[in-house]
Structure formats: C-alpha cells, structure tokens
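K.L.:
quick check, what structure comes out for this input:
(one chain, ligands or ions: 1)
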Amino acid sequence: MRKNFLMGVLLGAALQMGWAQDVAQGKIQFQACESCHQVEAGALALGPSLHGVVGRNAAAVPGYRYSPALKKSQIVWTPESLDRFLADPQAMVPGNRMPYSGLPDPVDRANLIAYLNSLP
Ligand code: HEC
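P.N.:
So this is what the prediction gives:
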C-alpha cells in the first residue's frame, strides 16, 4: 500500500519534471501562435516577433504598433508572467489586442514557454 503510494508520487514528480521542460511539445503548441507570430528577430506579422521574448519588456519590438494597454503594462516577460498572460491574456492585460482566448492547460503553457525560451 505504502509502496504503491510512493511509486505514484515519484512517477508524478518525474512526469511533471519531464513535461515542464518539453521543448518538442512546446513547438507543437506554438502552432496555435504561428498564424500571428514569427520567431525570427524583427519579423512582423499580425503580431510582433516572439524572438527573444523571454526576458524582454512587453511592447518592445521596434516598428510594431502595440495597443496602448500593452504599452503601458510595464510587464517584463519572464516564464512566470508569460504563464499568466497565456492562461488568459485579457485578464492580465485588459484591452490588449491579441485575439487569443488563452491556453488553459498549465503543462501546455510550460512546454510552450520552454520552446520560446529555447529559441536562439
Ligand atoms: C490571432 C492572432 C494571434 C494569435 C493566435 C496569438 N497572438 Fe500573441 N499577439 C497578437 C497580437 C496582435 C499582439 C499584440 C497585442 C497588443 O498590442 O495589445 C500579441 C502579443 C503577444 C505577446 C506580447 C509581445 C510583446 O512584444 O510584448 C506575446 C508574448 C504573445 N502575443 C504570445 C503569443 C503566444 C505564445 C501565442 C500562442 C499561444 C499567441 N501569442 C497567439 C496576436 C496573436
């Protein structure tokens, strides 16, 4: 009984650690973003390039016309703030112009952020 419980805890932890870092899965998640976002530096589509997004300030891609809401948000895109934003963009930055309702699964978000963080 106790042994099974421990196995379950260990397996759960291993799965979580593996999933939290899964860049390949994150690349698949990124297909939901690709119609609007490029990952090459400076490439403008409907949305701004996400090249180097982890660690930069919000609304910082030169030449992209951001919404006033995002410009005055003063967010720095860390894995934590990206996680909050991608869960529900309008809740975190009301009035932003990203037409995307959010990615509900925390594992999907973690993988996606790992992918964004892995880009050269
Ligand atoms: C239908 C188009 C569309 C989709 C799909 C979309 N975005 Fe966006 N995204 C935008 C637009 C437009 C903006 C600029 C919003 C603004 O100025 O308020 C934006 C802004 C962002 C920003 C802020 C960038 C910055 O420079 O501050 C991040 C981060 C982001 N999107 C990530 C994502 C991710 C990750 C996905 C996929 C899960 C995604 N977006 C899906 C259109 C989209």
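K.L.:
from Pro99, how far off is the residue nearest to Arg97 when sequence neighbours are not counted?
P.N.:
Excluding the flanking residues, the one nearest Arg97 by Cβ to Cβ, 6 or more residues apart in numbering is Ser67, at 4.2 Å. C-betas here are computed from N, CA, C, even on glycine. Note on Ser67: its distance to Pro99, by Cβ to Cβ, to the nearest Å, is 11 Å.
K.L.:
the two: which is more packed in?
P.N.:
Ser67 (14 against 9; other Cβ atoms under 10 Å).
K.L.:
show me the shaky parts of the protein.
P.N.:
Along the chain, segments meeting pLDDT under 70 span 1-21.
K.L.:
enumerate the residues of it near the ligand.
P.N.:
The interface of the chain toward the ligand, taken as Cβ under 6 Å from any ligand atom, is made up of 32-33, 35-37, 46-48, 50, 53, 58-61, 66-67, 69-70, 77, 82, 86, 96-100, 103, 112.
K.L.:
filter those residues down to the buried ones and hand me the PyMOL line.
P.N.:
Buried subset of the residues of the chain next to the ligand, written as a PyMOL selection, criterion 16 or more other Cβ atoms under 10 Å:
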select buried, resi 33+37+47+48+50+53+58+59+61+66+69+70+77+82+86+96+98+100+103+112
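K.L.:
so which of the residues of the chain next to the ligand belong to helices?
P.N.:
Counting by DSSP state H, the part of those found in helices is 69-70, 82, 86, 112.
K.L.:
out of those, which one sits closest to the ligand?
P.N.:
Closest approach to the ligand among those (Cβ to the nearest ligand atom): Leu70, at 3.8 Å.
K.L.:
next, the contact list for the closest one, please.
P.N.:
By Cβ atoms under 8 Å, 6 or more residues apart in numbering, the residues touching Leu70 are 58-59, 93, 96-97.
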